[in-house]
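**Q** Pasting the sequence and the predicted model now:
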Amino acid sequence: MTTAAVIDGKAFAENLRARIAVAAAQFEVHAGRKAGLAVVLVGEDPASQVYVRSKGKQTVAAGMNSFEYKLDDNTSEGALLDVVERLNADPAVDGILVQLPLPSHIDEQKVIAAINPDKDVDGFHVVNSGRLSVGLPGFVPCTPLGCLMLLKDRLGSLSGLDAVVIGRSNIVGKPMAALLIAESCTVTVAHSRTKDLPEVVKRADIVVAAVGRAEMVKADWIKPGATVIDVGINRLPPEPGSDKGRLVGDVDYADVAKVAGAITPVPGGVGPMTIAVLLRNTLVAAHRNAGIVLDEAAL
Ligand code: NAD
């Protein structure tokens, strides 16, 4: 029985961050200032607080400025839009990220639409999704771009391969599909209404699972030798005697690894790529904003 190669996203992300740190230092010499990322957090969501702290630390470690704005849960939509406007106008800020989800009294789409698309390092603004879909330079959401980097590192050219993306969210599934189309894959996007999902997945040379259902993708859905990218992060119920359940992906890892050619683990696969790509996007934004040439493909 074959065992899939493990795609080590943690190691890839570490190398990417090291390349970013070198390029960030060169940017500082040329621009006379550091690249800067502003992160805005509204409210006390514990998972969001952990992400924001981690983003801040990694931004500074890469030699960039991190500006953090922590606003109360009851901040009005207007007050948040004012903060975004100030950041849009601030020349020290190259990238703006408003941590989602926002409290329910704030319209997320309105806030995303207020961010200057050239500082939208999350790639969520409709201008950037439009640029992605027509093949213009812009900003691509960090998680799917991280998945693409892992795929290209593993497979080289993706041209002509059959890819199935499970999930059609705006932040993962749809941009992932657009990126794979741009790499000349034949792409199928499956979702909650897809008929006979196992048969659809079975065609794929590349499977990207972004659903949010623990261990849903089974070994008998996978074409032998396929490359499997697991975006899902799900916490299982705790085992007796433990207070925290295990983290698993959307793919039944132990069994799928016996059939696939290569697979990302959870944790340690796609997860670490997201913040590394956010730093990459910020550095790209800094160069574009300052009019300094960067070999973006080499990052
Ligand atoms: P989402 O809830 O917005 O979208 C889930 C998608 O899955 C939907 O398009 C839905 O149609 C589809 N779906 C639901 N049930 C299905 C089923 N039974 N069969 C087929 N498709 C089904 O989620 P999202 O934001 O795209 O995130 C997906 C997963 O990826 C989550 O586990 C999330 O935590 C994880 N995630 C991880 C990272 C990371 O950094 N690694 C980043 C973003 C999201």
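**A** Here it is on my side, so go on. Numbering: from 1, shown residues only.

**Q** what residues does the stretch 1-150 of the chain put near the ligand?
**A** Neighbours of the ligand within the stretch 1-150 of the chain, by C-beta under 6 Å from any ligand atom: residue 143. The way it works is simple: take the backbone N, C-alpha and C, and place the C-beta from them, glycine included.

**Q** And for the residue in the stretch 1-150 of the chain positioned nearest to the ligand, the neighbour number?
**A** Of all residues in the stretch 1-150 of the chain, residue 143 sits closest to the ligand, at 4.0 Å by C-beta to the nearest ligand atom. Applying other C-beta atoms under 10 Å, we find 23 residues neighbouring residue 143.

**Q** got it, and residue 186?
**A** There are 15 residues near residue 186, going by other C-beta under 10 Å.

**Q** I'd say it and residue 159 touch.
**A** No - with contact defined as C-beta atoms under 8 Å, residue 186 does not count as touching residue 159 (10.0 Å).

**Q** where do the strands sit along this protein?
**A** 5-6, 36-42, 65-71, 95-98, 162-166, 186-190, 206-209, 227-230, 234-235, 247-248, 262-263 (DSSP state E).

**Q** List the strands paired with the fourth one, with their directions.
**A** Using DSSP bridges, the neighbouring strands of strand 95-98 in the sheet come out as strand 36-42 (parallel).

**Q** CA atoms only for the partner strand - export them in PDB, please.
**A** These are the backbone C-alpha positions of strand 36-42, laid out as PDB (Å, rounded to 0.1, in the frame of the first residue of the first chain):
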ATOM      1  CA  GLY A  36       3.400  48.500   7.400                       C
ATOM      2  CA  LEU A  37       0.300  46.300   8.000                       C
ATOM      3  CA  ALA A  38      -2.700  47.600  10.000                       C
ATOM      4  CA  VAL A  39      -5.000  45.100  11.600                       C
ATOM      5  CA  VAL A  40      -8.300  46.200  13.000                       C
ATOM      6  CA  LEU A  41     -10.100  44.000  15.500                       C
ATOM      7  CA  VAL A  42     -13.600  44.800  16.700                       C
END
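
**Q** Let me see the mean pLDDT of it.
**A** In this model, strand 36-42 has a mean pLDDT of 98.

**Q** same deal with stretch 193-208?
**A** What stretch 193-208 shows for mean pLDDT is 98.

**Q** same deal with stretch 215-227?
**A** What stretch 215-227 shows for mean pLDDT is 98.

**Q** Show the end-to-end separation of that stretch, please.
**A** Taking C-alpha to C-alpha, to the nearest Å, stretch 215-227 runs 16 Å from one end to the other.
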